[in-house]
Structures are given as structure tokens and as C-alpha cells.
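Undergrad: this is a predicted model, with the sequence first.
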Number of protein chains: 2
Amino acid sequence: MAGGSTYHHGSLHQVLIDVSLDLIAEHGLEGFSLATAAKAAGVSVAAPYRHFTNKAALLGAIARTGYAQLGEALREAADRHPDDPVEALLELGSAYVGFVIDQPALASVMFSVRGRAPESDAGLAALGVLGDVLARLEAAGRLAVPLDTALRATWSLVHGLAVLHTGGMRTISEEDAPLLRKQVLRPLLDGMLRR
Amino acid sequence: MAGGSTYHHGSLHQVLIDVSLDLIAEHGLEGFSLATAAKAAGVSVAAPYRHFTNKAALLGAIARTGYAQLGEALREAADRHPDDPVEALLELGSAYVGFVIDQPALASVMFSVRGRAPESDAGLAALGVLGDVLARLEAAGRLAVPLDTALRATWSLVHGLAVLHTGGMRTISEEDAPLLRKQVLRPLLDGMLRR
DNA sequence: ACCTGAACACCGTTCAAGT
DNA sequence: ACCTGAACACCGTTCAAGT
């Protein structure tokens, strides 16, 4: 009772997120339980309910941080080619696939289940980076299809690559990043562009 | 005891598969339990274990039937254009997306979790149809990238379209099948082809 | 957005026992 | 690839009670 008790450590919210990602990395999303997360955080099974309304809310919070990180990664990638939107688009695709491959646990939460995330602000912001690059292409008269179609097509392609990889399908792997660009992203996305 | 007792009805295996798909369609894969499937089939919770080693095995069996159906659908699609592999490829892509959109419960099982299915014979057979069409394109000197790269790229694109749609993202929907072909599949897959 | 302990309903799985 | 009933461990969630 005297002095700085750690009884309320005040950061359980974040601790639960961190600990959950570790557990999901180790046992997969299926094998993840709120009970083990609570135990790993050193609190009772009921404690998480002070910070998240339920298990789905915890996973939703994790997904939102994931989309924030993804958005940052995509923005950095796009900014690497401020005056060449075609290169920026390829960089974006590589970054998307790379993010998912580098953070499979986080990605599994982001991409799991019903409307988990792209509907969140962070999810929309991440997509917005792609939309901006495509808008630049459209402004330059280089889009051969409507902008929103281009967005969905691009997103689908990189999402499919990432998801099949995560699911154990050896699509194009980390070491093959240049191959991914040259043999997949460049030819397919080129098809969407006017020369 | 006399005559045709239905006590052992002998088809519990199939009944469980059917009933499970109904339940998954209604409550999603998350909300699906072996216990409710057993109840819906009119047997005790332990009965399914005579037919499937565990819940994962039941879902695996469902996934395999799904891949068999998908393979059939893809074969039919490809056969619609026996002498035009480019058209066959587009038809294949449409069929893949259409299958997932038409059977979301089945697709959610097929595409869930760890190595559920493409490793199965049925899964490989389904992919084989795509491989055959691409091999015809290669033989005609029309592939601009290696065959296995083309396979993974094509699969990724249609899988991404399907998966984002299932996840609630309005990609290109049922009514937009011609749009899907003209504005997504044709331009992007064209990029993979030599003219 | 405080944490614990106890409780409840539900689920996956096993096992002895019954046809 | 027989089915049931009972049991166990585990999990999500709630709630009264404690700091």
C-alpha cells in the first residue's frame, strides 16, 4: 500500500496487445485465448474486460495498430518515388507483400474475419496511400481503367499474393522481392496502364 | 430392434458435412462448433468422433469436397474455350471468383487456416486446371513470364478478388461479372502475355 | 477502461459402456 | 470409421467484492 504500488500498472491495455501478438506468433490465431493472454500478462482472466469489451475488441485493437503500421510502411514506400507514380505503385505492392510476410501474426489478425479492419480509419488511411498514387496516374492520363477499379484490382493482387503466402502457399517469397516486382507486379499492373 | 433400425443410419459422415455447411452459412466459421453440428444431426457430441478424428478433420473433409467442386467448375469454364487459351484463362478467373461468391460458407472453410487444402489432391487438381491452360499459352509462345510465376500471379489475383469480397470488401460483385472480366482480369492478365 | 475470485454456459475430446 | 452418457480441461463472459 505504501508508495508506488504496481497493482494498477496502468498499461494493461498495451501489455495485452503485445502479449497477444507473441502468443499468436507462437500458437496461431486459432490457438489464441484471452485466458492465456491474461495469464501471460500476469492478471486474472477477468481483468482484460476492464480494457476491452471482449476478445473480438482486443483483436480489433490489434488489427487497427496493424493497419496504422501498414499505412506508414506504404506511405514510406510511395514517398521513395515522388515523381514516378509507376515506380511508386510497384514499390507499394512490394511493401504490402513484404509487410504481411514480415509480420504474419499481425497480418493474420488484420485479415481475419468479418469486417475486422479496412473499415477502420487506419485501414482506410492505408488504402488511401494506394488511392493517392493511382490518382496521380489518372491525372497523368495513364490509367486504362476507372480509378476505383484500379484500386480494387491492385489491392486484390497484392492481397492475394500476401494471403496465399501466409497460408503456406509458397508464392513469391522474401528473397524473391525483385522477382516479385519484375515478373508479377510490373507485368500485371502494367496491363492496367496506358503506355 | 426389429427390422430396419435407423439407430446406425450409416450416413452420419455425410450428414455432418451437410449440417456443418448449413451452420457455417448461418453463424460463420467462428461460431461453428462440433457440438451444435452433432445436435443438428441428432446424435450425441461424441458421435462425430467415430467418423472424423477431430473437428479439424471434419473441416478438412469439407474443404476437400469444396476443392473438388471448384476443380469441376474450373474445368467446365476452361472447356468452354478449348481452342482459345486466353479466353479460357479469363473464363477460369471469372469462375474462381464466382465460385467463392456463390458459396461463401464453403469457401471460408477452404481458405481458412494452416494448410487446410491446396495440399490435398483435390486442391492440386483444381490448380492443375489453371496450370493446363497456362501450359497451352506457354506452348503457343504467349507467356511473358515463367509458367509457375504466371500460375502464382493468376491465382493470387483471383484469390485476392475473391477473398476481399468474402471479407466484406465490395470488390467486384456478382452483377459485375462482365466488368470483372473487362476491367480487371483482361487488362491485368494481358500484362503477363506476349502479344 | 482497476483487479480478483468465483461462477456459468459452452466447447473439444476421451472413455467406459451399451446396441 | 457405431452410438450414448458422463467426465475433464479449457475458454469467454459476468458479477459481486476488494484495493
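TA: Looks like it arrived, so ask away.
Undergrad: quick check: residue A:126 vs chain B, distance?
TA: 13 Å (C-beta to the nearest C-beta, to the nearest Å). Any C-beta I mention is one placed from the backbone N, CA and C, and that applies to glycine too.
Undergrad: that residue against residue A:67, yeah?
TA: Yes: Residue A:126 lies in contact with residue A:67 (C-beta atoms under 8 Å); the separation is 5.1 Å.
Undergrad: neighbour count for the two, which is higher?
TA: Legend: neighbour count by other C-beta atoms under 10 Å in any protein chain shown for residue A:126 and residue A:67, higher for residue A:126 (26 against 23).
Undergrad: got a list of what the more buried one touches?
TA: A:67-68, A:70-71, A:74, A:118 (C-beta atoms under 8 Å, 6 or more residues apart in numbering or on different chains).
Undergrad: export those residues as CSV, with columns for distance to DNA strand C and secondary structure.
TA: Listed next are the contacts of residue A:126 as CSV, based on distance: C-beta to the nearest atom of the strand, whole Å; DSSP: H, G, I helix; E, B strand; the rest coil:
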residue, distance to DNA strand C, secondary structure
A:67, 16, helix
A:68, 15, helix
A:70, 21, helix
A:71, 20, helix
A:74, 26, helix
A:118, 20, coil
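Undergrad: filter those to the buried ones?
TA: Neighbour counting with 16 or more other C-beta atoms under 10 Å in any protein chain shown marks A:67-68, A:70-71, A:74, A:118 as buried within those.
Undergrad: in CSV, list those residues along with distance to chain B and pLDDT.
TA: Formatted as CSV, the buried ones among the contacts of residue A:126 follow (distance: C-beta to the nearest C-beta, whole Å; pLDDT from 0 to 100):
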residue, distance to chain B, pLDDT
A:67, 13, 93
A:68, 19, 94
A:70, 15, 96
A:71, 16, 96
A:74, 16, 98
A:118, 6, 59
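Undergrad: residue A:185: which of these is nearest?
TA: Closest approach to residue A:185 among the buried ones among the contacts of residue A:126 (C-beta to C-beta): residue A:74, at 14.0 Å.
Undergrad: now that closest one: closest residue in space that isn't a chain neighbour?
TA: residue A:129 (4.3 Å; C-beta to C-beta, 6 or more residues apart in numbering or on different chains).
Undergrad: just how off-centre is whatever helix or strand the one you found lives in within its chain?
TA: Counting by DSSP states H and E, the element that carries residue A:129 is helix A:121-139. Offset of helix A:121-139 from its chain centre (C-alpha atoms, centre = their mean, to the nearest Å): 15 Å.
Undergrad: what are the phi and psi values for residue A:193?
TA: phi -110, psi 150 (degrees, to the nearest 10).
Undergrad: and residue A:50, how far is that from DNA strand C?
TA: Shown here: residue A:50 relative to DNA strand C, a distance of 4 Å by C-beta to the nearest atom of the strand, to the nearest Å.
Undergrad: who's in contact with that residue?
TA: Contact analysis of residue A:50 by C-beta under 8 Å, 6+ apart lists residue A:12.
Undergrad: domain parsing for chain A?
TA: A:12-50, A:62-190 (automatic domain parsing).
Undergrad: find me the pLDDT at residue A:18, would you?
TA: On the pLDDT scale, residue A:18 is placed at 97.
Undergrad: could you point out which element follows the helix or strand of chain A with the lowest mean pLDDT?
TA: Sorting the helices and strands of chain A by mean pLDDT, DSSP states H and E puts helix A:177-179 at the bottom, at a mean of 83. Following helix A:177-179 in sequence order, the next helix or strand is helix A:186-190 (DSSP H and E).
Undergrad: which other helices and strands does that following helix contact?
TA: Where contact means 3 or more C-beta pairs under 8 Å, 6 or more residues apart in numbering or on different chains; DSSP states H and E, helix A:186-190 is packed against helix A:85-102, helix A:147-166, helix B:147-166, helix B:186-190.
Undergrad: neighbouring contacts of it?
TA: So helix A:186-190 is contacted by A:89-90, A:93, A:154, A:157, B:144-145, B:153, B:157, B:188-189, B:191-192 (C-beta under 8 Å, 6+ apart).
Undergrad: mind listing what's buried along stretch A:11-24?
TA: Neighbour-count burial for stretch A:11-24 flags A:12, A:15-17, A:19-21, A:23-24 (criterion: 16+ other C-beta under 10 Å).
Undergrad: is DNA strand D contacted by it?
TA: No: if you take C-beta under 7 Å from any atom of the strand as the test, stretch A:11-24 misses DNA strand D, and the best it gets is 9.8 Å.
Undergrad: so that stretch, near chain B or not?
TA: No: on the criterion C-beta under 8 Å from any C-beta of the partner chain, stretch A:11-24 is out of touch with chain B, staying 12.9 Å away.
Undergrad: for chain A, give me the ranges with low pLDDT.
TA: A:1-9, A:113-119, A:168-175 (pLDDT under 70).
Undergrad: which residue sits closest to residue A:85 in space, ignoring its chain neighbours?
TA: Per C-beta to C-beta, 6+ apart, closest to residue A:85 is residue A:136, 4.2 Å.
Undergrad: one step back: list just the one of the helices and strands packed on helix A:186-190 that sits closest to residue B:105.
TA: helix B:147-166 (9.9 Å).
Undergrad: how many residues are close by residue A:141?
TA: Residue A:141 has 8 neighbouring residues, counting by other C-beta under 10 Å.
Undergrad: what residues are up against it?
TA: So residue A:141 contacts residue A:194 (C-beta under 8 Å, 6+ apart).
Undergrad: secondary structure class for it?
TA: Three-state assignment for residue A:141 (DSSP: H, G, I helix; E, B strand; the rest coil): coil.
Undergrad: do you know how far it is from residue B:150?
TA: 29 Å (C-beta to C-beta, to the nearest Å).
Undergrad: one more: residue A:162?
TA: Taken as C-beta to C-beta, the span from residue A:162 to residue B:150 is 18 Å.
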